[in-house]
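J.: the following comprises the amino acid sequence and a computationally predicted model.
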Amino acid sequence: MHPVQQGISYLLATYEEEHQAWPIIPPEANNDPRAPWWNYEKSAEFFGDFLANPRAAIVGYLHDYNAQVPTDLLEQLTASVIDHLESLPDDKMDMHDLLCAICLAESATLRSGLGYR
């Protein structure tokens, strides 16, 4: 299997449907030395439930390789992440959230007009 296909398969397998997001780190990260903010138990709180970071970037990548992604899932995620980003106050967007939003905006599929909004 091609590395990109493996990456997309991993993202689809680790997607948490109930939260419509991906955790920024896996639970296993707690077993290794790390910065204090990279604590799995508090990561959702610290990273805004992952609704922008890393979700917006991941959705952008899924758009770039959309042949491997169920269309209904991609449509749902795109609408959800855009709604979330639009709901954030302009002066409250974290730098890392903004970088993830830029990844989404730079998706070739979205830029070519083939996106879902």
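T.: In hand now; what should we look at? Numbers count the residues shown, from 1 in each chain.

J.: what residue ranges in this protein score low on pLDDT?
T.: 111-117 (pLDDT under 70).

J.: from the centroid of it, which residue is nearest?
T.: For the chain, residue 55 is the residue whose C-alpha lies nearest the centre (Cα atoms, centre = their mean; 1.5 Å).

J.: which residues does the longest helix belonging to the chain contact?
T.: Counting by DSSP state H, the longest helix found in the chain is helix 71-87. By Cβ atoms under 8 Å, 6 or more residues apart in numbering, the surrounding residues in contact with helix 71-87 are 15, 20, 51-52, 55-56, 59, 62-63, 66, 93, 97, 101, 104, 115-117. Quick note: C-beta positions are derived from backbone N, CA and C, even for glycine.

J.: so which residues of the chain form helices?
T.: 3-14, 40-46, 55-64, 71-87, 95-105, 108-111.

J.: how about those, which one is nearest residue 25?
T.: Residue 25 lies closest to helix 40-46 among the helices of the chain, at 5.8 Å (Cβ to Cβ).

J.: gap between the closest one and the chain center?
T.: 16 Å (Cα atoms, centre = their mean, to the nearest Å).

J.: enumerate the positions of it that are buried.
T.: 40, 43, 44 (16 or more other Cβ atoms under 10 Å).

J.: for residue 6, state which of the residues you listed is nearest.
T.: Out of these, the member with the shortest distance to residue 6 (by Cβ to Cβ) is residue 40, at 23.1 Å.

J.: okay but that closest one is in contact with residue 29, surely?
T.: Yes - using Cβ atoms under 8 Å as the test, residue 40 is close enough to residue 29 to be in contact (5.5 Å).

J.: okay, the helices of the chain, which one's buried deepest?
T.: Of these, the one with the most neighbours on average (mean count of other Cβ atoms under 10 Å) is helix 55-64, at a mean of 23.
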